Each structure stands twice: as C-alpha cells, then as structure tokens.
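>>> fold the stuff below for me.
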Amino acid sequence: MLVQFFQRTHYSLLLLGKSKEAEIKRINKELANIRSKFKGDKALDGYSKKKYVCKLLFIFLLGHDIDFGHMEAVNLLSSNRYTEKQIGYLFISVLVNSNSELIRLINNAIKNDLASRNPTFMGLALHCIASVGSREMAEAFAGEIPKVLVAGDTMDSVKQSAALCLLRLYRTSPDLVPMGDWTSRVVHLLNDQHLGVVTAATSLITTLAQKNPEEFKTSVSLAVSRLSRIVTSASTDLQDYTYYFVPAPWLSVKLLRLLQCYPPPEDPAVRGRLTECLETILNKAQEPPKSKKVQHSNAKNAVLFEAISLIIHHDSEPNLLVRACNQLGQFLQHRETNLRYLALESMCTLASSEFSHEAVKTHIETVINALKTERDVSVRQRAVDLLYAMCDRSNAPQIVAEMLSYLETADYSIREEIVLKVAILAEKYAVDYTWYVDTILNLIRIAGDYVSEEVWYRVIQIVINRDDVQGYAAKTVFEALQAPACHENLVKVGGYILGEFGNLIAGDPRSSPLIQFNLLHSKFHLCSVPTRALLLSTYIKFVNLFPEVKPTIQDVLRSDSQLRNADVELQQRAVEYLRLSTVASTDILATVLEEMPPFPERESSILAKLKKKKGPSTVTDLEDTKRERSVDVNGGPEPAPASTSAMSTPSPSADLLGLGAAPPAPAGPPPSSGGGGLLVDVFSDSASVVAPLAPGSEDNFARFVCKNNGVLFENQLLQIGLKSEFRQNLGRMFIFYGNKTSTQFLNFTPTLICSDELQPNLNLQTKPVDPTVEGGAQVQQVVNIECVSDFTEAPVLNIQFRYGGTFQNVSVQLPITLNKFFQPTEMASQDFFQRWKQLSNPQQEVQNIFKAKHPMDTEVTKAKIIGFGSALLEEVDPNPANFVGAGIIHTKTTQIGCLLRLEPNLQAQMYRLTLRTSKEAVSQRLCELLSAQF
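Presented below is the predicted three-dimensional model:
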C-alpha cells in the first residue's frame, strides 16, 4: 500500500518534469501548494494530511530540503488509522532531528501507542524509537521496553521488535539501560517457540553479556539446548526458518557467537551436549551438498566457521581442534577465494593452540603454494600471517626462506609487515646466529627501504652480545658492502659492526684496515646525514683499532667538506674527532673508544612495531601464546619473544639501540597507609583493596598447569596473556596486558601478592609497567621467579586502573605451581622400580582414583604428562596401557625426586594416579594438580 502511494505521488509530482529544471519548478510549486493547505483556514481530514506529509517525505528523499510539515506529521501519530499513523512515524523517523522541540510530543504519542496493547501500533512505535535512537528517547523508554519484552501477553512480533529496539538503545546509550529483574527473564526467551523471537533475543543477550557476563551466565545452557535442537533437526522440521536446506543458519551463528562470550561450560552434561553439536556441524561439512546454489554453501559455511571460532575460543577439546584444522585445510585449495581467505585466517588462530599446532603445520606446503600463486593480495597476506603463526624451531629456516623469496615480488602494501615478521622469526628461532646474520643482511638487500631502524638496531645488539658471531658478522658485512649498489641500512650495519669488530678480519690482506676504510668511505657521499654521522664515528673507532690508517682518516676529517659542512652535527663530529685523534694519547684514545660492552638483556621492540602496524587485536599475539616445543642447541631456553610494550623509538644520538632497562622492583602488595591517619583521600582508588578472584579464573588457572603460554584472563576491557619459561628452581614469566578498547587505561597498576605462607617459599621480582595504556595497545611486565622451597598456594595478580573515569579492580591467580620447577629424569625400568620401592613409606605416597572428565585419548595424556614437567618413560611399566614418569623438583634449599604412575581404565572411564616423593606435602600437591588435568 505504501509503495503504491509513493508511486502515485511520484507520478503526480514528476508528470510535468521533463528536465531537472522543470522538476525543481514543479516541486517548488507543489511545496507552495502544500504549505498553503497546511496554513489554510479549512481543517484537513486525515487522508489529506497523510497525502501531503507523504509528498513532503518523498520530496525530501529526492534530495530537497523540507522545513515545514513536522507538526502535521506528529498529529498523524494520534490517528487510529494504521496508514495515517504509519506515514507519521515514517516521516518522524526520517526527518525529525533528535534535538527537535517536538521530541516531547513524539514521546507522548509513542507512550500512548506502547500502552495501547495494539500490536500493530506498538510495532510502529518501537520501530520509530529504534530508528531515531536518540539519548532523549533512551531516557524515556529504556525502562519501559524491557517490560514489554518480558510481558507474558506480548505478541511474538512485538517481542521481536522490542528486543531489537532495546539492543539499538543499549548500543547508543548503554548507561541508560538499567539491569534488573528483566535480565533473568529475557534469558528464557531462548526457549521461545517462535524462532524469530529467539533470534532477536540472542542478538540482545550477546551484546549485553559482553559487558555483564555474570548477569547472563544462565544463557549458556539454554543456548546449547537450542543449538542442539537446530543442529540435529532435519530441514523439514524448521521449514519457515530453513534457508536452502540449512536449518536456521542465522540463529545458529548467533547462538555460537553468544557461547563465545563464556568459557567452556562447567556442567559435564551441557559440555557434552555442546561437543556433540560441534561434532555434528563438522560432520555435516563433510556431507555432499544438498544444493549447487551458492546460497546453500554460504549458509552452511557460515555456521561451520562460527563453530570453528567457538572451538578455538574454548581451546579445550584436542579432537575438535584437530578436526577443525583438517576441515580448514580442505578449504585452502577451494576454488572460492573468500573460503580460502577465511580458512587461512582461522588457521592463524588455531596455530596458537598447543593441541592443534602440529596439525596446522602439516599444511605448510599448501600455504607456501598459496603465497606463490594467489592472485588476491589479501589472501597472500593471510598466508604470510599463517606461516608466521605456524613457525617453530623445526621449520623456521624453510618458512623464513620462503618469506624472503616472496618478499622480492610482494605487494608494496605488505612488504614492511613481512620484513618485521622475518626479523622476528629469524631472531626467535636462530639456533645458529650466523644464519640470523645472513638472513637480516639478505632482508636488507631485498627490501632495504622497508627495514625499519628497530630491525638493524636489533641485529647490532645481538652481534655485540654474542662473541661467537662477531667475526662472522664483520666478514659478512664487509663482503656485502662490496656490491656496487648497497642500501643505506646495510651501510649503517656495516659501519657499526666494522667499527667495533673490523680488527677480527684485518689479518686477511683482502680486508686490511685501509681497504675497510676505503670501502666504507666510498659509500659516504651517497648517504643521508644520520648515516654519515655514524660513519664518522666508525672512522674515529678505526683510529683506535688501526693506527696505520690514522693519517688517512685525519685527512678526511680535516677536509673542508667536513670541517665546514653545512650540517651542524657533521661539522661538530668532524671537529671533535679530529681534535681527539690529534691531542689524545694512545691510552686515552683506547679508553674513550673502547669496544662497546654487551647490552643489558631487554626484549626487542620489533614485535611492538609489528603490532602497531597490525592494529589492536581481540586476542593476544600468536607469538606470545605459541607453545614452546624445543630448547636451544646448548640446552638453554629459546630467545625471549620480542616485547609487546609500546617503547619509543630510540634516536641514534641517544641510546643507539634503546636498550636501557629499568631496575627490577620487588613484588608484593602495595604499601598501605598508617592506621593512625585521620585524613582520607576521597578521590583515591583504594589501592589497598584487592578484588576477589575474577569469575572463571580458576578454570583458566588449571589450564596452565600443563602449559606455559596462552590467555589467562579476558573480559570486554582487558586481556591478560602469559608466556613463561622455567629451568631448575628459576623461572621468568612475561605478562602481556592488552587494552581491548579505544580509550586509555589510566593509573594502570598490576601488583603481585603472596600470602604470608607463600612469601618465604617463593621469591618474585617484577619490572614496573607504564601507568598509561593506550587504547588498542599492549604492555608487558616481566616477572623473575625463584623457588626457595616447596609450596602449595599460588600468587595473586591484582590489576587496578581507571577506564573512562570508572575504577576497575581485577584479581586472578598467577599459574606458578610447584610442577613448573620439574626437571625430567630418564630412568631404565630396573632403576625406576628400585627407586619406587625405596619410596614405599605411607607418608611418601599419595594415590587418587577419579572419574575421567575428558576423552581418554592416549596422545593427549602423553602430552599432558610431558607438559606437567616429568619425563615420560616408555616401556617401563609391565602394562603398556599405563603411563610412568619421573623427575626432580628443584628448589633453592633442596631437590625432591618424584615418581608417578597413571593407570587408565577405559571401560570404567576412570584413572588411578599414584605419586611417590620423599616429602608428603609435595606428593599431595602434585597429585592434586595432575588429577585435575584428566
């Protein structure tokens, strides 16, 4: 009807409009006619008023300004005719400004319609509120709409409109939507028989749960139940909501997205039902398509990808993770570009899970082929991201080589990002630092314009700190500088390294001191001022290293081009260096120009640069969460990951590599003010008040018993990621605090708190954190750990900060447990059982028989025992189904040997775990920790 009315209006207005000018003339004439009708003495009936208001609306849609008729539209709202009320609401939704003086009259009309209980009028009113969505309307109706939504006599169509209207108001003015009794009742709309109501309610609950997860926690079981009914139903069961043979795809996606607001369900029945749903979705993905139309595959894949996102979010079911990875692997060679893109993107996240990392690695050749053959640059970029995510020590040389090869032809928009990733991987997985030097120099040769200062700063730091690579680095850069065309970054690296270690290759006649100097000076006039300044510093270093070239260098410094240089920095350096080489004795010169000492260990800023380029992320960086699977060839831990803190870029005239580190600050609770103080700072954040443990933190804590990396805590504001390494009684933990919002965190203060019982047994030292965390940024805190004696409790990490003027206080348990100080011990069968018998006293043994909480998978069990810290002893137990382990708990005061035996009973779905150590408290604690993993 409305369409027909518009058509008639269009015909009447434009019948005479043969051109643009004629159209404008006709419209102006019509506006004058309408204005005269509104101002005339004769009152207009409802139909005429509706007709003229509709014409005004249509004229506005044609692009002409309308400055009258608003009051007539408001008057239409009081009509009892649907068509007149509809036009009035439509005009208001399109033309009325939220600051209009008529808002109060409009609100009164809307209130009357909401109170009328006429579903048609209520629907029109709700649509108008959602369309305007102003703060004034939120203030007027945010308390009324929830009542309409949960009322028992409200029709389904009105419930849908009410849910979506409330969602619109919450998104525009969240502070005006009150949480109350209606929140528990709205959750039960997930059980409504009308799927349209369920779909609208799911959208509303998902948005509300992101900010108030505890209020809507009961929605998890209801969402799983509803999802199960949809997934297991046939397409004929939900005919009205089946889209190309896929039952209710939009509702399925929304339910899966709602479940991603929460950790895995605690109730075993709910968790099992959810696992069945996800398995069913993965199984349906393997079935032949029921239609060849693209709409069918789009709907089917939308549900599949959302299910995979939920599997990745939970990160607790190894079988599902591996199956999801295999399913995504099939999409990597799909003919549809969008599917390949989404598969690569999802696999990037899967690569960070300890359960699916190996499965992702099996697709390395396919990903490399995609990097070489894909036409779409966005797909190639995702392939680069996935190679970066799946990289570990076993495949680093291959992946770095492929990235370097691709870099020569890569799209210019992603070259800088690839350079940063190659630099990070080369450093992190460099078992041989000569390979690292070769890689970085090759990187500069291929893409020198995209190599930032952070990259060449870092290579210099590493060369200076490692004696075994200094001679090789000097020789390699000397050879690289002999190329006719060298990038300026290579000249910088060459100048710095030859200035420090040129003496290590000076014995070779082909790289004598004079040849080194002439080679560097041949590049001098082609370089920028900062690089020339660095080369002048190299020259004065040569004066100390090679006295025989002193006259040559003094001649260069004495030349007019240096002493009278237009640049003040170069002129000053030339004058000062010339004077220093002339008047200073050999001893003074050697002291002033001695070799740079090793830089204090501090994480690189390359990763910070990469994160800044990539933008804020909703999950912690893959490099931070990736499982460490191997150790250095010399037995040491892998190099620490690059820092995620947003450090300022150092300038060459200050700390060249930006390596100054703040002294560690002892961990402990914040100092409390004296009890006798009478004055209270009413504006303080009450820093001495520690919040109770955050909901779900205990589950996350248990997940870290057998792994060292991952996300410890996450809500709508803050994400806390961990990466840790332990050796004997010492450990180091990197805590990454991510600001997920676009607003600064102020007075950001993380504090480690140890109980009185824990403090003498565990020493913790932390480095301070910048009190301001920018929106979308991530900062890092390093915790140094020393186990003095065995302990049972865990320290608490308390974070306090201000967000948007509101004080935030979060506490989580830090997963520093006794098993982290395990050192695995290999033992033969005879030695094991001999030691087992020696530890036969009742107080030395702890045994626990318990029901399996997870599928009894042999490979997963082995991975957990190894992750727990003990050595997994093969062919020791007479029963091959049993698992046997051995290790030593290292503390500062003593070493405690530990033997364990895990006996699974597949028929009864139960385990018997036996632990024997020389100390009862240790046996008890290790048994508690390990039992919770199965």
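>>> can we go C-alpha only for contacts and neighbour counts from here?
Noted.
>>> ok, L386 to L169 distance?
Note on L386: its distance to L169, by CA to CA, to the nearest Å, is 39 Å.
>>> where does the prediction get shaky in the stretch 801-934 of the chain?
Judged by pLDDT under 70, the stretch 801-934 of the chain has its weakly predicted residues at 805.
>>> what ranges do the helices span in the stretch 351-500 of the chain?
Under the criterion DSSP state H, counting those that start in this stretch, the stretch 351-500 of the chain carries helices at the ranges 357-361, 364-373, 377-390, 396-407, 415-428, 433-447, 453-465, 467-480, 488-501.
>>> let me see the mean pLDDT of the longest one.
It refers to helix 433-447. Averaging pLDDT along helix 433-447 yields 90.
>>> and that helix, what other elements does it pack with?
In terms of contacts (3 or more CA pairs under 8 Å, 6 or more residues apart in numbering; DSSP states H and E), helix 433-447 is packed against helix 396-407, helix 415-428, helix 467-480, helix 488-501.
>>> need the three-state assignment for L913.
Under DSSP: H, G, I helix; E, B strand; the rest coil, L913 falls in the strand class.
>>> pretty sure it is in contact with I849, am I right?
Yes - in this structure, L913 is within contact of I849 by CA atoms under 8 Å, at 6.4 Å.
>>> which one's more surrounded, those two?
Set L913 next to I849 and count neighbours by other CA atoms under 10 Å: L913 wins out with 20 against 14.
>>> next structured bit after the lowest-mean-pLDDT helix or strand in the chain?
Least confident element among the helices and strands of the chain, by mean pLDDT, DSSP states H and E: strand 665-666 (a mean of 38). Note on strand 665-666: by DSSP states H and E, the next helix or strand toward the C-terminus is helix 697-703.
>>> which non-adjacent residue is nearest L310?
Using CA to CA, 6 or more residues apart in numbering and skipping the chain neighbours, the partner closest in space to L310 is Q260 (5.7 Å).
>>> pull the number of nearby residues for L44.
L44 is flanked by 13 other residues according to other CA under 10 Å.
>>> just send the helices of the stretch 351-500 of the chain back as JSON lines, with mean neighbour count too.
Shown next, in JSON lines, are those (neighbours: other CA atoms under 10 Å):
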{"stretch": "helix 357-361", "mean neighbour count": "21"}
{"stretch": "helix 364-373", "mean neighbour count": "17"}
{"stretch": "helix 377-390", "mean neighbour count": "23"}
{"stretch": "helix 396-407", "mean neighbour count": "19"}
{"stretch": "helix 415-428", "mean neighbour count": "23"}
{"stretch": "helix 433-447", "mean neighbour count": "20"}
{"stretch": "helix 453-465", "mean neighbour count": "21"}
{"stretch": "helix 467-480", "mean neighbour count": "19"}
{"stretch": "helix 488-501", "mean neighbour count": "23"}
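>>> T349 is nearest to which of these?
helix 377-390 (7.9 Å; CA to CA).
>>> return the list of helices and strands in contact with that closest one.
helix 337-350, helix 357-361, helix 364-373, helix 396-407, helix 415-428.
>>> which residues are in contact with Q744?
For Q744, the contacting residues are T772, V773, E774, G775, Y803, G804, by CA atoms under 8 Å, 6 or more residues apart in numbering.
>>> list the contacts of the last one.
Applying CA under 8 Å, 6+ apart to G804 gives the contacts T743, Q744, F745.
>>> surely the first one forms part of a helix?
Think T743. No - counting by three-state DSSP, T743 is not part of a helix but coil.
>>> look up phi and psi at the closest residue in space to it that isn't next to it in sequence.
Closest residue to T743 apart from its sequence neighbours, by CA to CA, 6+ apart: G775 at 4.6 Å. With angles defined as degrees, to the nearest 10, G775 sits at phi -60, psi 130.
>>> also I799?
phi -120, psi 130.
>>> what about D315, neighbour count?
21.
>>> without its sequence neighbours, what residue ends up closest to it?
Using CA to CA, 6+ apart and skipping the chain neighbours, the partner closest in space to D315 is S353 (6.8 Å).
>>> can you pull the buried residues of whichever strand or helix holds A223?
Element membership for A223, per DSSP H and E: helix 219-231. Residues of helix 219-231 classed as buried by neighbour count (16 or more other CA atoms under 10 Å): S219, V220, S221, L222, A223, V224, S225, R226, L227, S228, I230, V231.
>>> list the helices and strands that helix packs on?
Counting by 3+ CA pairs under 8 Å, 6+ apart, helix 219-231 packs on helix 249-259, helix 268-286.
>>> single out the most deeply packed of the ones you listed.
Of all the helices and strands packed on helix 219-231, helix 249-259 has the most neighbours on average by mean count of other CA atoms under 10 Å, namely a mean of 23.
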